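*Asks:* Structure for the following, please:
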Amino acid sequence: MTRTARRLSQVTPFVCLLAAGDAAFAADAVKVPMEPGRWKLSGDAAFVEHKGVASLELKSPLTRSEAVLEGLVFKNGTIEFDIESTGGLGPAIGFRRRDQYTHESFYVRANPNCAEAWDCTQYAPVVRGTLLWDLFPQHQSPAPLRAAEWNRVKLVVSGRRLRAYVNGTLALKVDRLEGDALEGGLTMQGTGFVANLTVTPDAVEGLDPHPAPEPADPRIVRHWLMATPTRIPADKVPDIDDKPASVPAAWRLVTAETGGLVNLNRQFPLPPAPDRGLVWLKATVKSRVKQEKRVAVGWNDELWVFVNGKLAYAEKNLYQPAEARKKPDGRCSLENGSFVLPLEAGDNDVAVALANANFGWGLMLRLDDVLDVTLPGVPGAGDARLYFDQAHGETAASSQLAGIGERKGFEVHTSAEPIMPESLRALRTLFIRSPLVRFTADEKEAIVAFVRKGGSLLLVIDEDRGQDRLADTGVNDLIAPFGMKLLPDTEYLHNNGALAKAGEIHRADLQIPFSGGRGVEGGTPFAFQLDKEGKPAQPFATWKKIDGGGRVIVMGEAMATLFLGTKEGERLTGTPRDFSKTTYWGKDSDAFMEDVLAWLMKR
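*Replies:* The predicted model follows:
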């Protein structure tokens, strides 16, 4: 991969399947013509006739040749199309595109022996404008792809899962889609020909929408403190003296994702070439005795590990040149390397400098065993901590949350583990945003008890759009004990916006985005969707103080919590359900969320 290819993600993309309310129950396939008027082309993409078939031709790799389908939005369903590759990196389809920096991507590599090549088909998310193909080596597989002829591809997308078929054969199973959007548009990229595209909304063939559970592994270092990234020249080698000072303002908490991956691309964009980005991470490992522990480590691209101020390990895992690739093929994996961690009795400072210039930027660290060792939990958090739940199919926490935490004096902790009483200890606020997976009886009991004992809960649920999220997740059971209830969807009004009124939470009225949601019953209303005339109508956000010190905010729409909306947006404009053709009204999402979180974090 070349440096110019670093952002396969910078696609304006979105071939969108319908997931809008009116079409959520549709079973008929929508045939998308390969002709001008439905597509926005860039680079040298063109409509041609290929082997007697009306086709889209993509001549340049990555984002230099692209076609964006206009006018539809895809959430769940089946996408089918024919492809013929003309280069090593064949046609790619991006789906659920939220903006030019965020979507899911499936693509083929037209190797001569694709039926045996482990990277013939690949899935990767595009996060902050970067395709993370080298952070998820598990999402690739052989496929019966035929050279120099048409091949039929079928993608079945359901919630957090994907099944990809090539010429009728199941080629790739993804049981945890890693992107940051659950709906959006669709785009075509890569090199080759594409034809006969059809989209069938909500045709998921019984595929479970819930992500596969994350197996617990106590040997993985999951909680790190992370410094703000810097740029370093290509020839610079960091030293322990370069580590930022150990003051709270210089560091913030970051938590590992699936498989123990610390995904830095979710935290920061890569710097422009030729500089590399450099991030310092640190963790305190407690040892009962003086000892050595072997650890497995995965990373991209360059790594330096210091233990108690001394260099313990330094290595590179580059895709180019080929000889610099660690197993497996330069991807980030615990197979990349191993070394001995020299531990003193007591606290040990493990500091990692991680540099990267291309694609995925991540770290994984796992001890062979944890005998006589205590790995870090949530360092230095006390009860000034916000817990962002990702155990129920939610998208990743917005990066703006950490900034609010720095300004307001709390840390953001993300977890994909089940919510249990022990995970809610030393915690002030639990944030649940748009879950897909049902909460267990034990989790419900733990959350209700947490609020009754003085904890705060922020619960946000979007509209159903043909699903039944309230029944599927059981979220009303979390707030019913406090006299609150999420209601069915309200009538859809595109880009109508909402108003958060001055009062208990806000010092002034705030304009926030709203475009399809639901009402809330119980508590004190403080945010209202606007009607056609711009007047406050049904409340969609309410607050309540609970005996014992607990606080609850319930919201029936998530756009403000995603920090969407701009000052350029105009109410009631844009194409319904089409993110790519709407500039959303609501300029005050940042201020709204800062006030909401500050109120929840109060004692």
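
*Asks:* Show the residue spans covered by the strands in the stretch 51-200 of the chain.
*Replies:* 53-58, 65-69, 77-85, 89-99, 102-109, 121-127, 130-131, 140-141, 151-158, 161-166, 169-174, 185-189, 192-201 (DSSP state E, counting those that start in this stretch).

*Asks:* Is it possible to get JSON lines of the ones you listed that adds distance to residue 394 and mean neighbour count?
*Replies:* The C-beta positions use only the backbone N, C-alpha and C, and glycine is treated the same way. As requested, these are arranged in JSON lines below (distance: least, Cβ to Cβ, whole Å; neighbours: other Cβ atoms under 10 Å):
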{"stretch": "strand 53-58", "distance to residue 394": "34", "mean neighbour count": "20"}
{"stretch": "strand 65-69", "distance to residue 394": "27", "mean neighbour count": "25"}
{"stretch": "strand 77-85", "distance to residue 394": "21", "mean neighbour count": "23"}
{"stretch": "strand 89-99", "distance to residue 394": "15", "mean neighbour count": "26"}
{"stretch": "strand 102-109", "distance to residue 394": "15", "mean neighbour count": "24"}
{"stretch": "strand 121-127", "distance to residue 394": "15", "mean neighbour count": "25"}
{"stretch": "strand 130-131", "distance to residue 394": "21", "mean neighbour count": "26"}
{"stretch": "strand 140-141", "distance to residue 394": "25", "mean neighbour count": "21"}
{"stretch": "strand 151-158", "distance to residue 394": "16", "mean neighbour count": "21"}
{"stretch": "strand 161-166", "distance to residue 394": "15", "mean neighbour count": "21"}
{"stretch": "strand 169-174", "distance to residue 394": "17", "mean neighbour count": "18"}
{"stretch": "strand 185-189", "distance to residue 394": "21", "mean neighbour count": "29"}
{"stretch": "strand 192-201", "distance to residue 394": "23", "mean neighbour count": "21"}
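
*Asks:* Which among those is found nearest to residue 508?
*Replies:* strand 89-99 (28.7 Å; Cβ to Cβ).

*Asks:* related to what we said a few turns ago, out of the strands of the stretch 51-200 of the chain, nearest to residue 577?
*Replies:* Taking Cβ to Cβ, strand 185-189 is the member of the strands of the stretch 51-200 of the chain nearest to residue 577, at 10.3 Å.

*Asks:* For residue 40, see how far away the residue nearest the centre of the chain is.
*Replies:* Residue closest to the average C-alpha location in the chain (Cα atoms, centre = their mean): residue 180, at 2.9 Å. Separation of residue 180 from residue 40 (Cβ to Cβ, to the nearest Å): 23 Å.

*Asks:* Ok, residue 140 next?
*Replies:* 29 Å.

*Asks:* Which residue ranges of the chain form helices?
*Replies:* For the chain, applying DSSP state H gives helices covering 400-408, 441-452, 469-473, 476-479, 589-601.

*Asks:* Please, where are all the strands along the stretch 451-600 of the chain?
*Replies:* Under the criterion DSSP E, counting those that start in this stretch, the stretch 451-600 of the chain contains strands at 456-460, 485-489, 498-500, 510-512, 518-521, 524-530, 536-545, 551-555.

*Asks:* Please produce a markdown table containing the ones you listed, extended by distance to residue 275.
*Replies:* Formatted as a markdown table, these follow (distance: least, Cβ to Cβ, whole Å):
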| stretch | distance to residue 275 |
| --- | --- |
| strand 456-460 | 37 |
| strand 485-489 | 47 |
| strand 498-500 | 40 |
| strand 510-512 | 37 |
| strand 518-521 | 46 |
| strand 524-530 | 42 |
| strand 536-545 | 42 |
| strand 551-555 | 40 |
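
*Asks:* Ok, which of those comes nearest residue 310?
*Replies:* Nearest of the strands of the stretch 451-600 of the chain (Cβ to Cβ): strand 456-460, 42.4 Å.

*Asks:* mind saving the C-alpha coords of the closest one as CSV?
*Replies:* C-alpha atoms of strand 456-460 as CSV (Å, rounded to 0.1, in the frame of the first residue of the first chain):
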residue,chain,number,x,y,z
SER,A,456,-27.0,9.1,37.0
LEU,A,457,-28.5,7.6,33.8
LEU,A,458,-28.6,9.2,30.3
LEU,A,459,-30.8,7.0,28.1
VAL,A,460,-31.2,7.9,24.4
